[in-house]
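**Student:** sharing a model prediction with you, sequence too.
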Amino acid sequence: MAFSCLGCGGVQGVGQPEGRYTVPASCAATPGCRSRSFVPERSHRLTQTVDWQTFTMQEIISDDPGEGGRIPRTVDCEAREDLVDSCVPGDLLTVTGIVKVSQSQEGRGGKGDKCMFLLYVDASSVTNGKGRGAGADSASVGIEFSLKDYYAIQVRLDSASVCTDNWRH
């Protein structure tokens, strides 16, 4: 994002990593300027915008009697650029991405400052199984896993304390 210095009028670009809004700490546009006040320039050539969307996926509870009465688990997902609007509520999805951590708003500042973090998936691929119904399984979406694959996935998920059994948006 581009920022204009209120002291000298110089413009500088600042990256916004992980979607966090970051303002420049000092003026780097003009040598000798000591201003620390900046205004964002939304229409400047240095400002680049990216389509961005968050959605929550919910696992599908099986008909297993041991699952009855349990609240389905959910995970938040972030999608960018061409993945935006690739699904609507109720679609059966397969999401591939990177599990990331963000600090919870509840854990920031104040008394009893708790170290709370939230897991989310930074989506790199979204496969939509529209019209397949709630009974769809991994084979109907076109994915086949061997027993060895399932074991490897389970080991990694157990170590990350995250489960991605069957998720529904």
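**Tutor:** Ah, there it is.

**Student:** from what I see, residue 127 and residue 97 are in contact.
**Tutor:** No - using Cβ atoms under 8 Å, residue 127 makes no contact with residue 97, being 11.7 Å away. (Glycine included, C-beta is placed from N, CA and C.)

**Student:** what sits against the residue nearest to the spatial centre of the chain?
**Tutor:** In the chain, the centroid-proximal residue (Cα atoms, centre = their mean) is residue 78; its distance is 2.9 Å. Contact analysis of residue 78 by Cβ atoms under 8 Å, 6 or more residues apart in numbering lists 19, 52, 53, 54, 120, 121, 122, 123.

**Student:** now do residue 96
**Tutor:** Taking Cβ under 8 Å, 6+ apart, one finds 123, 124, 125, 126, 127 in contact with residue 96.

**Student:** widest-spaced pair of those residues?
**Tutor:** Using Cβ to Cβ, the pair of the contacts of residue 96 lying farthest apart is 124 and 127, separated by 11.4 Å.

**Student:** partners of residue 12 in the sheet?
**Tutor:** residue 3 (DSSP bridges).

**Student:** now do it, the pLDDT please.
**Tutor:** Residue 12 carries a pLDDT value of 87.

**Student:** try residue 3
**Tutor:** 92.

**Student:** that one: neighbour count?
**Tutor:** For residue 3, the count of nearby residues is 24 (other Cβ atoms under 10 Å).

**Student:** and it, what does it touch?
**Tutor:** The neighbours of residue 3, taking Cβ under 8 Å, 6+ apart as the test, are 11, 12, 13, 14, 23, 24, 38, 39, 40, 41.

**Student:** just checking, the third one touches residue 1?
**Tutor:** To tie it back to what came earlier, the one meant is residue 13. Yes - using Cβ under 8 Å, residue 13 is in contact with residue 1, at 6.9 Å.
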